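3D model of this:
(one chain, ligands or ions: 1)
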Amino acid sequence: MAIQCAHCKSYACRAGRIDAAPESCPMQRGTFPGFEELYSSEERRRMAYEAARIEAEGYCRWTRIREVLEFARRMGYTRLGIAHCADTAKLAARAAEYLSGEGIDTRVPPRSECCDPREQADFLSRSATDLNLICGMSIAHEAIFIRESDAPVTTLVARDARLGHNPVAALYTSNSYYRSALFERDRGGEKKGLEGSGNELLERIALEVQEAAGNDWCRVVEAMEVARRLGATHIGVTFCVGFRNEADRLVRVLEANGFRVTSACCKTGAVPKEQLGIQDSEKVSPGQPEMICNPIAQAELLNREDVEITLLLGQCVGHDTATMANLDSPAACLVVKDRVMAHNTAAALERPDD
Ligand code: SF4
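Sure, this is the predicted structure:
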């Protein structure tokens, strides 16, 4: 039975109720990836721990870029790289300005390299960055950059030139303004089956998509086009439980466009935060049972199902990093979470005179 957390009716994992999970739940299978095994390395555990503390401390108060700053400080990352697209160079410069002002050594690839994700990854490797941020890249370029980056990666801005870098707007209006763009598209014939997912193919697809659409496609449509041109029929979705409504909409859109989808919620595994060493006072809601976000299990579940491309939806800083690092398939972030800016992370970097 397919793993489809996005259509779950109970979200029993969130309350730690494995017994109340639906029959199709991955937790009902005897082979669910074990917490101790997945988080056996010191770095993986620390990343999960710090990401959980940042979520609680900054909940609905810190913008995404502030969360990135906190994550870097707590992980001991002193040098950050910022990859970007030509048309998000100004946002990348603003992010660098903010982080530099907070004492972080920040490296931005030169403009001459900004359309080549491999060159950007190479530049940042030579700069010996500890963490790389993606500040607005196309889906295919982002997938290449994530694969090529030596340092761990988190996303700051999900590029969507059509929607002002606020891609979640397409999901919020999927039953109104964006209905025809998302549900009534020409699907370009039958799915072909995966042709490969190497960097050269992704490069070619990035160019094709840019030529075909310019800035007319929103990021959700762009993601489907990249998947279709890869020949992918099976898409993976990892999502934050706070994005469950958006995940349900996204999966319905993908299914309506003929894709098979496997989706994994962050609370899968129902592991109490105490098991990660989180104190009660460090929870989002002290005094309540809270489960950890389980980004490596999300990746592992999708790997086991052999998804062909993965889209990340609204995962926290650090949780997205861990998912990206453990996925077998090419991946890109579809929506970056920012509870303060209604998920428009770019808005925090823009100025009135822009
Ligand atoms: S792991 Fe997925 S299917 Fe199971 S309870 Fe949680 S959301 Fe539902």
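
burial measure for Gly258, as a count.
The tally of other residues near Gly258 (other Cβ atoms under 10 Å) stands at 13. C-beta: built from backbone N, CA, C; applies to glycine.

and it, helix, strand or coil?
Here Gly258 is recorded as coil under DSSP: H, G, I helix; E, B strand; the rest coil.

Equivalent analysis for Pro109, please.
Per three-state DSSP, Pro109 ends up coil.

and it, what does it touch?
Counting by Cβ atoms under 8 Å, 6 or more residues apart in numbering, Pro109 makes contact with Gly81, Ile82, Ala83, His84, Glu119, Gln120, Phe123, Leu124.

change it to 6 Å
Contacts for Pro109 (Cβ atoms under 6 Å, 6 or more residues apart in numbering) come out as Gln120, Phe123.

Tell me the pLDDT of it.
Pro109 carries a pLDDT value of 96.

Could you tell me which residues of the stretch 1-150 of the chain lie near the ligand?
By Cβ under 6 Å from any ligand atom, the residues of the stretch 1-150 of the chain that approach the ligand are Cys5, Cys8, Ser10, Tyr11, Ala12, Cys13, Ala21, Pro22, Cys25, Pro26, Met27.

For the residues you listed, could you give me JSON lines that also reports pLDDT and secondary structure?
Converted to JSON lines, those look like this (pLDDT from 0 to 100; DSSP: H, G, I helix; E, B strand; the rest coil):
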{"residue": "Cys5", "pLDDT": "98", "secondary structure": "helix"}
{"residue": "Cys8", "pLDDT": "97", "secondary structure": "coil"}
{"residue": "Ser10", "pLDDT": "96", "secondary structure": "coil"}
{"residue": "Tyr11", "pLDDT": "97", "secondary structure": "coil"}
{"residue": "Ala12", "pLDDT": "97", "secondary structure": "helix"}
{"residue": "Cys13", "pLDDT": "97", "secondary structure": "helix"}
{"residue": "Ala21", "pLDDT": "95", "secondary structure": "coil"}
{"residue": "Pro22", "pLDDT": "94", "secondary structure": "coil"}
{"residue": "Cys25", "pLDDT": "96", "secondary structure": "coil"}
{"residue": "Pro26", "pLDDT": "95", "secondary structure": "helix"}
{"residue": "Met27", "pLDDT": "95", "secondary structure": "helix"}
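
Out of those residues, who's the most crowded?
For these, counting by other Cβ under 10 Å, the largest number of neighbours falls to Cys5: 28 neighbours.

Much appreciated, bye for now.
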